[in-house]
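Novice: Quick one: sequence plus predicted model below, questions after.
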Amino acid sequence: QVQLEESGGGLVQAGGSLRLSCAVSGRTSSSYTMAWFRQFPGKEREFVAAISGSDATYVHTSVQGRFFISRDSAKRTASLQMNSLKPEDTALYYCAINNRGAVMTDHRSYDYWGQGTVVTVSS
């Protein structure tokens, strides 16, 4: 059973930074993709960033230059460094993986999800 556990969410003032982490346990493919999504109240989950098993990355244009994704394959973790946070970044952030190994932006392409971690940015 694959499990993902996010950490690092919290309350931060606008302009501040947070670093989210995601730890994977259980059996996965050898080249799984890790991604971050976020969800606003009443909305579908939206893509934030992803990193493939070969470390190819893609970050949504709305957060490019502020958010950065990385992974440590040996430790089976991924991180999302969020800088210059804005109140509109306030959301529930999820970590997800897909076993296809490709960077995908559709949440329906992901096989496993964490429980989410709340990020609140105050103005």
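Specialist: Yes, it's here.

Novice: so the residue nearest in space to the middle of the chain, which of the three states?
Specialist: Nearest to the mean C-alpha position of the chain, by C-alpha atoms, centre = their mean, lies Trp36 at 2.0 Å. At Trp36 the chain is in strand, as set by DSSP: H, G, I helix; E, B strand; the rest coil.

Novice: do the same with Ser30
Specialist: Assignment for Ser30 (three-state DSSP): coil.

Novice: Just give the nearest non-adjacent residue to it, would you?
Specialist: Gly53 (7.1 Å; C-beta to C-beta, 6 or more residues apart in numbering). C-beta coordinates here come from the backbone N, C-alpha and C atoms, glycine included.

Novice: one step back: test my guess that the residue nearest to the centre of the chain contacts Cys95.
Specialist: Yes. Look at Trp36 against Cys95 with C-beta atoms under 8 Å: they come within range, at 6.0 Å.

Novice: Common neighbours of those two, please.
Specialist: Common neighbours of Trp36 and Cys95, using C-beta atoms under 8 Å, 6 or more residues apart in numbering, are 20, 22, 78.

Novice: In strands, which of those residues fall?
Specialist: 20, 22, 78 (DSSP state E).

Novice: Name all residues that make contact with the last one.
Specialist: Think Ala78. Per C-beta under 8 Å, 6+ apart, neighbours of Ala78: 21-22, 24, 34, 36, 51, 69-72, 95.

Novice: quick one, strands of the chain?
Specialist: Applying DSSP E to the chain gives strands spanning 3-7, 10-13, 18-25, 33-39, 46-51, 57-59, 67-72, 77-82, 91-98, 112-113, 117-122.

Novice: same for the first one, what does it pack against?
Specialist: Meaning strand 3-7. For strand 3-7, the elements it packs on are strand 18-25, strand 91-98, strand 112-113, judged by 3 or more C-beta pairs under 8 Å, 6 or more residues apart in numbering; DSSP states H and E.
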